[in-house]
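Student: next input, structure requested:
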Amino acid sequence: MPMQPQPPQGGRKGPGATTWIIVAAVAAIALIVGGGVYMYSATGGDDSKNNSSGTTGGSGGSGGKDDDATSGGTDTSSGEAKEKAPADPSAKVLFQVPAPTITDKQEIDSVSGSWLTDSVYAKAGVAKIVGYDADSGSSKWTLPLTGQTCAASPEISASGIAAVVTESGKRAGSSDRKPCSEVTAFEVATGKKLWTKNVSVGDAKVAFEEVTLSGGTVGVGGLYGGAAFDLSSGKVLWQPKASGCQDLGYAGGEQLVAVRKCGEYGDEKYEVQLLDPKSGNVKWSYKLPTGIDNAKVISSKPVVFGVDSGDVTASGVTDVFSLDDSGKLRTKITLADGKYEHDCGVGDVHDCHAITVGNDKLYVPTKEHDGTAQGSRTNEIVTFSLATGKTAGDKIDAGDDYEIFPIRMDGGNVIAYKDGPYNKGSQVVSVNGTSLKETKLLETPSTDAVRSAISSMVPKSSELLYTDGRLFMGKDLVSKPYSTDQKEYAALGFGAK
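Tutor: As a prediction, this is how the structure comes out:
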């Protein structure tokens, strides 16, 4: 599929205030291409009787189960590797998802959220989600939403269900943002909406900033506390209360981990907790050191989280804590600020990219540095033991003129993304966790148009999804193109020729 040359991964959290400011500044050059309140016991709102299903539908989800497992979210090394090397890794552009039309240069819209199955790629648009055939790009279904997406679950349940947080209504203009109060669960295969719910305190709906799945539970959190819903029915399992403490957010997957804040303003204490996903009961709690006012969950099983030890740093986290199954500290890993190239959303609990956990190790990419050839640049993925905190000695080299970062684990293998030089395509590779042998799974076309399109997606911080030989990149924010001849995409898909 032709693409215009332009100047320059379950789901993830939508943009916060800081992100809006940063993106507004960056959008003009990069977006191109062919306060806390203590909450009281709450009641749930419900419009599940007004379901909107997709128009065409595919084969798909069977509905949630109480013990519904989830995929995505947390990367562990359990199970066998599933991704296989093709006979020819050379890929073609499967299709592009055009960005929504925006006429106001001050407007930045959220299209946060994307999910990939064996047959469907689902991508959020403005106040809707569209399901595309994962090979042809033909539209299979459209799910209208109450408003723009604020957050999307990085997981899809074993029964094919995902969840989003959306604004409470449609925007009337670029400055008319609505509260992020509505939580919706839907089937990825068919686009069928299972339910939309909210929780309220008095007449005010509670706003949420993140959403995750664990077992049969949808967890949502934010500055005003956390709540949980039954995945299949939407029943409220728990909600913010006037306890002097709030769940700021959750990380799901194999386990449900909460980051909790207690205390008055200026004297807050933070804890990382393992919860029973059905009841919300605390299985164990780990208190963060005094002075730490943030925690970013990197893995829910084993529980691994990072913190910024001081001011907001140039990289995602500066210290990583590894906990055992009882919530006791195994070790702490120090990541010198400015030396490593990963990213975690400011104020987010579960929004780290280019860093992953598997084989009882932490995998993190270094900053670019001089390569072996004259004038070349490169980097590598290095590892740290989750038992000792020391470097594990494993090093995954990108190679001269390439930059590499981990996407996720695949059994004991590391699935990584490699950005190539100006005359080469980008690659997805599988690295054996023991031998470090690298196998190329996919390589994108090396044309200027494709490379320009990929660059505009900013892969390291985009919604990057790879499975079954397909690679998808999605944006979470879109704005008006810099000029009328620029083509902007919300998503790009690549697969075997």
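
Student: going forward, measure contacts between C-alpha atoms and count neighbours the same way
Tutor: Noted.

Student: and the closest residue to residue 102 other than its chain neighbours, what's its pLDDT?
Tutor: Among residues not flanking residue 102 along the chain, residue 480 sits closest, at 5.0 Å (CA to CA, 6 or more residues apart in numbering). Looking at residue 480, its pLDDT is 84.

Student: is it true that residue 480 touches residue 99?
Tutor: No - Residue 480 lies out of contact with residue 99 (CA atoms under 8 Å); the separation is 9.3 Å.

Student: how near is the residue nearest to residue 102 to residue 449?
Tutor: Residue 480 sits 20 Å away from residue 449, taking CA to CA, to the nearest Å as the criterion.

Student: who has more neighbours, these two?
Tutor: residue 480 (23 against 19; other CA atoms under 10 Å).

Student: what about the residue of the chain positioned farthest from its centre, which helix or strand?
Tutor: Distance to the chain centre peaks in the chain at residue 374, reaching 36.7 Å (criterion: CA atoms, centre = their mean). Under the assignment given by DSSP states H and E, residue 374 is not contained in any helix or strand.

Student: pull the contacting residues for it.
Tutor: Applying CA atoms under 8 Å, 6 or more residues apart in numbering, we find residue 374 in contact with no residue.

Student: I'd like the numbering to begin with 52 instead of 1 from here.
Tutor: Noted, 52 is the first residue going forward, which turns the last one into residue 425.

Student: I'd like the distance between it and residue 473.
Tutor: Taken as CA to CA, the span from residue 425 to residue 473 is 16 Å.

Student: how many neighbouring residues does residue 424 have?
Tutor: So residue 424, with other CA under 10 Å, has 11 neighbours.

Student: next one: residue 508
Tutor: As a burial measure, residue 508 scores 26 neighbours (other CA under 10 Å).

Student: for the protein, what spans make up the helices?
Tutor: Using DSSP state H, the helices of the chain run over 68-81, 499-508.

Student: quick one: average pLDDT of the shortest one?
Tutor: Averaging the model's pLDDT scores along helix 499-508 yields 94.

Student: before we move on, what about stretch 171-188?
Tutor: 98.

Student: in it, which residues are buried?
Tutor: Residues 171-186, 188 are the ones in stretch 171-188 that count as buried (16 or more other CA atoms under 10 Å).

Student: from those residues, which land in strands?
Tutor: Among those, the ones falling in strands (DSSP state E) are 171, 172, 173, 174, 175, 176, 179, 180, 181, 182, 183, 184.

Student: neighbours of residue 388, how many?
Tutor: Using other CA under 10 Å, residue 388 is surrounded by 15 other residues.

Student: so who does residue 422 touch?
Tutor: Contacts of residue 422 (CA under 8 Å, 6+ apart): 428, 429, 430, 450, 451, 452.

Student: residue contacts, the last one?
Tutor: Put plainly, it is residue 452. 422, 427, 428, 429, 471, 472.

Student: what does the fourth one give?
Tutor: Contact partners of residue 450, counting by CA under 8 Å, 6+ apart, are 422, 429, 430.

Student: no further queries at this time; thank you.
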